[in-house]
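Novice: quick check, what structure comes out for this input:
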Amino acid sequence: MYTPPAFRQNDLALLHQQINDCPLATLINQGANGLQASHLPLLLAADEGEFGTLYGHFARANPHWRELLQGETLAIFQGPQAYISPAWYPSKAEHGKAVPTWNYIAVHARGQAQLIEDREGLLQLVSRLSAQHEAGRERPWAVSDAPRDYIDTMLRAIVGFALPIQRLEGQWKLSQNRTAADRDGVHKGLSASPAAADQALVARLS
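Specialist: From the prediction side, this is the model:
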C-alpha cells in the first residue's frame, strides 16, 4: 500500500481497533487461476504473534481456499471514507489552487495462511467468531444453541484458516497535509452533509 508519511498509521492498538471495528475483510491471493478475492468477516487474536493473528472461514464450495497455501495472503479492512470537495478549503478562495480528493481509513494485513479443517478446530473458530459478534446482545446466540448434527453438517461445509500477521500497514488519510484552516473546512463540510458515510468519517476527524 502506498502510504505517504503524513497519512501513515503505525500505532498497533489503533490498527487492531480498526480491524475490530470493520471486521469484514477483502481477502486476496494470487493462485494458479489468477487473482482470487473473497469478502469474509475475520476474528483478530491480538495477543497471538507480533502483530496478531486473523481467523476466518470459507464455504468449502468456494475455490479460493485452495489457493491459500500458494503464497502470501492480503487482507484489506476498509473504514470510513468520503469525497472531499475543494470548495471546503478557505485556501481555494485565496488562490484557487485546490482539487478534489478522497479521505479514508484502511488497514492491510499480510501473512502466510494455515488451513483449519478438523472438526474441533472449526468448532472453536466459529464459536469464537459468533461470540464476538453476539456480545452485548440481550440474548446472545451461541453455536451450542443449534442441534449438534446440524452444526456438524455446517462444519463439513466450511474450511477455516489462521493468518498470522507478518506485516501490518495502516493509512489514515484525513487531510493531514492541509493547513489547519483547510482541515477545519473539511470538518465543517462533512458535518453539514446528510450522508451516512460523511458522518462516519467526520467522527474520526474530531
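Novice: pLDDT value on residue 136, please?
Specialist: For residue 136, the model assigns a pLDDT of 87.
Novice: please apply the same query to the one 10 residues further on.
Specialist: Model confidence at residue 146, given as pLDDT, is 93.
Novice: so what pairs up with residue 58 in the strands?
Specialist: When bridges are called by DSSP bridges, residue 58 pairs up with residue 159.
Novice: quick one: it and residue 38 touch, right?
Specialist: Yes: counting by Cβ atoms under 8 Å, residue 58 does reach residue 38; the two are 6.6 Å apart. All C-beta atoms are positioned from the backbone trio N, CA, C, and that covers glycine.
Novice: what do these two both touch?
Specialist: Residues touching both residue 58 and residue 38 comprise residue 64, with contact defined as Cβ atoms under 8 Å, 6 or more residues apart in numbering.
Novice: okay, those two: which has more neighbours?
Specialist: residue 58 (20 against 16; other Cβ atoms under 10 Å).
Novice: and the more buried one, how far is that from residue 122?
Specialist: 11 Å (Cβ to Cβ, to the nearest Å).
Novice: overlap in contacts of the two?
Specialist: With Cβ under 8 Å, 6+ apart as the test, residue 58 and residue 122 both reach 158, 160.
Novice: quick check, pLDDT for residue 31.
Specialist: 84.
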